[in-house]
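In: Fold the stuff below for me.
(chains A and B)
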Amino acid sequence: MREDQKLAADIRTLIGPADPARANRDVGAPPVIRVAEPALIMTGPRVPGPPRRRQPRRLRLAVAAAAALAVVAAAGAVAAGHIRGAAVRPVQVTPQMLRYVLAGYKDPVASSTLPPANPELEHLAAIAARQPQLQRPKGAQMGYVVTEEWNLSVAVAGGTSAAVVIPQLDQTWTSPAGDATQKQTYGKVQDLSRASEPSQLVRAAEYEPSGTSTQSFRTNLLFGPLVSSLSAQPDELQAQLIEATSPYGPYRSTGWPLSYFLIKEITALQHQILSPQLESAFWQVLATRSDIRYMGLVTDRAGRPGEAFGLDAYGDERLVLIISPTTGLLLGEEDLDLSNPGALTIKSYPAVIGAVTYLSQGYVVRVGK
Amino acid sequence: MESAELRFTSLYHAHRDAIFYYALRRTDRASAEDVVSETLTVAWRRLADIPEDSAAVKPWLLGVARGVLANAVRSSRRASGLSARLQAHEEAMTAPDFADAVAERQRVLTALRKLSERDQEALCLIGWDELSLAEAAIVLGTTRQALSVRLHRARRRLRRVLVNATEPGSAENASLAGTITTRGA
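Out: Here you go, the predicted structure:
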């Protein structure tokens, strides 16, 4: 134990002076932090559940005051369903749900007794494995993936709610050496609810209404390990995916469903160029998970036919993957709220609160080309 | 007030600042506040899962904050991971008239960035968040013994980089001499 203490003390001497928070801590007074009071947090339910996949780009919790303004991104698991002491009129309109068609099920989204996904996933894995490798033009080493994405945000002000959607086009370049660049282009904020004070509520969302941003980082920071390092053998691949997930999520200590983390890792990896064998192995891995269910046929947000698979996480969230029945490629993801977890002010459930559509991929010579 | 509410309120006031500082070391202030909110919300939702042992509560919360932070980074597609955070600090400190203390800070941050993300995280949990090895092991989901091995190696690598950086003519030293520029410049 003394050895541990000596090691810790030595490390503190080495890097302590570089502590980015040192200046804040040296002030001596408690920091001023804009977070919700305990009473507001405790308005939410005490139910088990994983943190939501997507976070708002600027999420703020209101202080517990009737006149306070709250901005809540739908994907954030935040207890701001209502402001204490003031009822909030719920949002009437949310983005359109895709139409899932499954024989014998009137509404696959609402159903909690969907059939197992194994046969369809294995079938799609076989289809994916038969696809040709993506052509690589001479000199083109850089992977290039284009996705379209949006998240629903709910803004609350003065007892009124509004729903806004900010579409976003992402262009991602990844190099074989593990460098990634992503350019995000934001679309116009869409106010779905047409509330009485839309401008105030849209402003409240605190989103930049338009523009672009470009960031460069190591690929593994956001998009998982290099795909060239992954095995196409399902057992080995699953172990690698779990290993890749472990630095980012405490699923082992919390007991959150492993399938949730596997899906999250697989979707992150889709920003790199995948071989048909690896794409096939992804679906073989998911085919072993009994909690992933088949939701039927669907037309995705780009108008392409797909087969849908859902994972329910503790009853209030469903992750949906849409896979092409002709190529076995992932076409899109949908994030659904199945019930009111206390975080939102949406009138009716289930509601779609986020979507990613994979539009195109290929190899290019350099970033931007 | 019920016992669950009392427990959460007590936990909130005892650990809110530690969560904030943990996040602030790894992202910008606004995002750090978001991480605190999300972490405390998760804590309330999963109150029954929080260890009864008071010494294990802070590591449990920082473990959740770590996951929340990583999810936020991934989902928002922002490169606000530790490396990027360190880089941002490094770039913010390039003014020529900064004192020796700032130069030393920059030297350490530059050296830290040369380590793997995992080594950085392990060192920072001990050196900045001031956790014990046992506490940091809980945050990282590993054993104290495994973390101890990692830390010994990481410390050795860090020292090596720091030594190399101070040798005249070294690449690291050259970068410290003025090739680091503000982002976008």
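
In: Lowest-scoring secondary structure element of chain A by mean pLDDT?
Out: One helix or strand of chain A scores below all others by mean pLDDT, DSSP states H and E: strand A:69-73, with a mean of 37.

In: Give the next helix or strand downstream of it.
Out: Downstream of strand A:69-73, the first helix or strand assigned by DSSP states H and E is helix A:118-129.

In: Now do the buried residues in that following helix.
Out: Neighbour-count burial for helix A:118-129 flags A:N118, A:E120, A:L121, A:E122, A:L124, A:A125, A:I127, A:A128, A:A129 (criterion: 16 or more other CB atoms under 10 Å in any protein chain shown). Quick note: C-beta positions are derived from backbone N, CA and C, even for glycine.

In: And for stretch A:327-340?
Out: Along stretch A:327-340, these residues count as buried under the neighbour rule (16+ other CB under 10 Å): A:327-338, A:340.

In: Where does B:A70 sit, in terms of helix or strand?
Out: With elements taken from DSSP H and E, the one containing B:A70 is helix B:54-76.

In: Who are the packing partners of that helix?
Out: helix A:219-222, helix A:251-254, helix B:3-24, helix B:29-45, helix B:133-140 (3 or more CB pairs under 8 Å, 6 or more residues apart in numbering or on different chains; DSSP states H and E).

In: mind running it again at 6 Å?
Out: With contacts defined as 3 or more CB pairs under 6 Å, 6 or more residues apart in numbering or on different chains; DSSP states H and E, helix B:54-76 has these neighbours: helix B:3-24, helix B:29-45, helix B:133-140.

In: Next, format those as a markdown table and append distance to chain A and mean neighbour count.
Out: Listed next are the helices and strands packed on helix B:54-76 as a markdown table, based on distance: least, CB to the nearest CB, whole Å; neighbours: other CB atoms under 10 Å in any protein chain shown:
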| stretch | distance to chain A | mean neighbour count |
| --- | --- | --- |
| helix B:3-24 | 5 | 18 |
| helix B:29-45 | 5 | 25 |
| helix B:133-140 | 5 | 23 |
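
In: how about those in TSV, adding mean pLDDT?
Out: Shown next, in TSV, are the helices and strands packed on helix B:54-76 (pLDDT from 0 to 100):
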stretch	mean pLDDT
helix B:3-24	89
helix B:29-45	83
helix B:133-140	87
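
In: now the stretch 251-369 of chain A, which segments are flagged as low pLDDT?
Out: Along the stretch 251-369 of chain A, segments meeting pLDDT under 70 span A:251-256, A:314-315, A:340-348, A:369.

In: again with chain B
Out: B:1-2, B:71-102, B:165-185.

In: Compute the first-to-last residue distance for stretch A:135-144.
Out: End-to-end distance of stretch A:135-144 (CA to CA, to the nearest Å): 12 Å.

In: Next, the buried residues of that stretch.
Out: Buried residues in stretch A:135-144, counted by 16+ other CB under 10 Å: A:M142, A:G143, A:Y144.

In: what do you get for stretch B:43-58?
Out: By neighbour count with 16+ other CB under 10 Å, stretch B:43-58 contains the buried residues B:A43, B:W44, B:R45, B:R46, B:I50, B:V57, B:K58.

In: Against which helices or strands is the lengthiest helix in chain A packed?
Out: The single longest helix within chain A, with elements called by DSSP state H, is helix A:2-15. Packing partners of helix A:2-15 (3+ CB pairs under 6 Å, 6+ apart): helix B:117-127.

In: Tell me how far the helix it packs on lies from the chain's centre.
Out: Taking CA atoms, centre = their mean, to the nearest Å, the mean C-alpha location of helix B:117-127 is offset from the chain mean by 7 Å.

In: What sits closest to A:Q141 if chain neighbours are left out?
Out: Nearest residue to A:Q141, sequence neighbours excluded (CB to CB, 6 or more residues apart in numbering or on different chains): A:P176, at 5.8 Å.

In: Count the neighbours of that neighbour for me.
Out: 14 (other CB atoms under 10 Å in any protein chain shown).

In: Please determine how far it is located from A:S229.
Out: 11 Å (CB to CB, to the nearest Å).

In: ok, now A:L14?
Out: A:L14 is 31 Å from A:S229, by CB to CB.

In: For the two, indicate the residue with more neighbours.
Out: Set A:L14 next to A:S229 and count neighbours by other CB under 10 Å: A:L14 wins out with 19 against 11.

In: if I look at the nearest residue to B:H13 once chain neighbours are set aside, how far off is B:S37?
Out: Spatial nearest neighbour of B:H13, excluding adjacent residues (CB to CB, 6+ apart): A:P38 at 7.8 Å. Noted for A:P38: a distance of 11 Å to B:S37, by CB to CB.

In: Please enumerate the shared neighbours of those two.
Out: Counting by CB atoms under 6 Å, 6 or more residues apart in numbering or on different chains, A:P38 and B:S37 have no contacts in common.

In: Number of residues surrounding residue 130?
Out: This is for chain A. There are 10 residues near A:R130, going by other CB under 10 Å.

In: my question was about chain B
Out: With other CB under 10 Å as criterion, B:E130 counts 15.

In: That one in helix, strand or coil?
Out: coil (DSSP: H, G, I helix; E, B strand; the rest coil).

In: Quickly check: the helix or strand encompassing A:V352 near chain B or not.
Out: Taking DSSP H and E as the definition, A:V352 sits inside strand A:351-364. No. Strand A:351-364 does not reach chain B (CB under 6 Å from any CB of the partner chain); its nearest approach is 9.0 Å.

In: Can I get that strand in PDB? Just the C-alpha atoms.
Out: The C-alpha atoms that make up strand A:351-364 are tabulated as PDB, following Å, rounded to 0.1, in the frame of the first residue of the first chain:
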ATOM      1  CA  ALA A 351     -41.600   9.000 -30.700                       C
ATOM      2  CA  VAL A 352     -38.600   9.100 -32.900                       C
ATOM      3  CA  ILE A 353     -36.000  11.300 -31.400                       C
ATOM      4  CA  GLY A 354     -32.900  10.900 -33.600                       C
ATOM      5  CA  ALA A 355     -31.900   9.400 -36.900                       C
ATOM      6  CA  VAL A 356     -28.700   8.700 -38.900                       C
ATOM      7  CA  THR A 357     -28.800   7.800 -42.600                       C
ATOM      8  CA  TYR A 358     -25.700   6.400 -44.300                       C
ATOM      9  CA  LEU A 359     -25.700   7.900 -47.700                       C
ATOM     10  CA  SER A 360     -22.400   7.000 -49.500                       C
ATOM     11  CA  GLN A 361     -18.900   5.800 -49.100                       C
ATOM     12  CA  GLY A 362     -15.800   5.400 -51.100                       C
ATOM     13  CA  TYR A 363     -12.100   6.000 -51.300                       C
ATOM     14  CA  VAL A 364     -10.600   9.400 -52.100                       C
END
